[in-house]
Structures are given as structure tokens and as C-alpha cells.
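[1] below: sequence and its predicted model.
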Amino acid sequence: MVNREIFRKKVIITAGQIFSRFGFRKTTMDEIASELKMGKSSIYYYFESKEKIFEAVIRHEANTLRNELTKAIKEVDSPIDKMKNYVFVRMKSFEKLANYYNAIFDKNLDHFDFIENVRAKYDREELAILRLLLYHGKRKKVFKVDNSEYTALAIQTTLKGLEVPLFWKKKEVNIEKRLNAILDVLFNGILIK
């Protein structure tokens, strides 16, 4: 007897690899079944459609991102290091989690209701994390933040603006230098003091 959760996870991982190579539209249930070396009927027993598998892949990758961000924040103490870790892990994780990233930003997938829910949840969670990091830094007298909501929104907007050249255009860019430049402006501003 196959353990239901182990099998579902195997399908999610395998399908995720195929979706990231070929995209949602070009991936077929036959390819997923072939890669798993089983019949499509076995997969349909656990997932009613390719869309449901894709949804499970997106949710799995979203949880992976959330876990990586939480770990990165917890492994350091200073507010500056927490913010740096958050920014670097966030941007580098998107590169690895291709399906999640594509679902969040690909307008061709807008017809899936779950994607809009994932997008909205991601934005809310990210703003909450950023506000918490800002609050922590303010409490420790490291950050000067007058309005954590607007500051968190500004940081989120900046990071989203960097996603396009890094991932959509697949340009050769030095992510470390760009992220450090953003962090320098965030922490030091551009005004002479």
C-alpha cells in the first residue's frame, strides 16, 4: 500500500520539475505519468486534474519560500542582518522556485482563482514580515521608521521592481551588487548627513 502523502509529495516534486522546464501549458499529464513511471489513472486518483497538481506545486513552493525566509531571519540577531538575510534569501529563492514565481507574475495564468489568492496572501505575508523586521529594528534603536506600513510597502515595491530584470529578462546581472546597493540606500539613504 502506498502512503498517500508520500505519493502526493512525489507527484508534486516531479510535476514541479516538469512545469519549471516546459511551463504549465506545455506540460501534459502523460509527461508527468511517464516521469513517475506509472499510469495517468494512478495520478488522477490523487489529483483530479493537471490544474490541481499545478496548484499543489505552487502551494508547496510557497511554503518552501516561507520556511527559507523564516529560517534566514531567525539565524541572525541584529535588525540589519535580519533585513539583509530577508532580502537576499527572498531574491535568490525566487530564482529556484520557478513555478511559484511564474504563477505569481504570469498574467496568462490569471484565470486560475487560486493564483490570485496565492498572490494576495504572499503580498500580505511579506508586508507583515517587513513590518515586523522594521518594528524589531526600531525597538532596538537601529532603524528610524516613522511609518512602518509605508516603509514596508516601499521596500516591497523596490524588491518587486528588481524582479523583472533579474528573472523575466534573464539578463546576466550581479544580484549581489544590486541587492547590496538597495540595502545601502535603505540603511543609509542618499542624503549627506
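    Received it, and whenever you're ready, just let me know what you need.

[2] after the one helix or strand Phe114 maps to, which helix or strand is next?
    Applying DSSP states H and E as the criterion places Phe114 in helix 113-139. From helix 113-139 onward toward the C-terminus, using DSSP H and E, the following helix or strand is helix 148-163.

[3] what is the mean pLDDT for that following helix?
    Mean pLDDT, helix 148-163: 89.

[4] just checking, what packs against it?
    Counting contacts by 3 or more Cβ pairs under 8 Å, 6 or more residues apart in numbering; DSSP states H and E, helix 148-163 is packed against helix 79-96, helix 113-139, helix 175-188. C-beta coordinates here come from the backbone N, C-alpha and C atoms, glycine included.

[5] in the second one, what's buried?
    In terms of neighbour count (16 or more other Cβ atoms under 10 Å), helix 113-139 has its buried residues at 114-115, 118, 122, 126-127, 129-131, 133-134, 136-138.

[6] from Phe114, how far out is Thr134?
    Let me fix one detail, which is that residue 134 is Leu and not Thr. Here Leu134 is placed at a distance of 30 Å from Phe114 (Cβ to Cβ, to the nearest Å).

[7] now do Arg178
    For Arg178, the distance to Phe114 equals 31 Å [Cβ to Cβ].

[8] and for Phe19?
    Applying Cβ to Cβ, the value for Phe19 to Phe114 is 14 Å.

[9] just Arg66 next, same as before
    Distance from Arg66 to Phe114, by Cβ to Cβ: 16 Å.

[10] same deal with Lys52?
    For Lys52, the distance to Phe114 - Cβ to Cβ - is 9 Å.

[11] repeat that for Lys160.
    21 Å.

[12] ok, Ile182 next?
    Computed as Cβ to Cβ, the Ile182 to Phe114 distance reads 31 Å.

[13] could you do Glu61 as well?
    For Glu61 relative to Phe114 (Cβ to Cβ), the value is 13 Å.

[14] Ile18 now?
    Computed as Cβ to Cβ, the Ile18 to Phe114 distance reads 19 Å.
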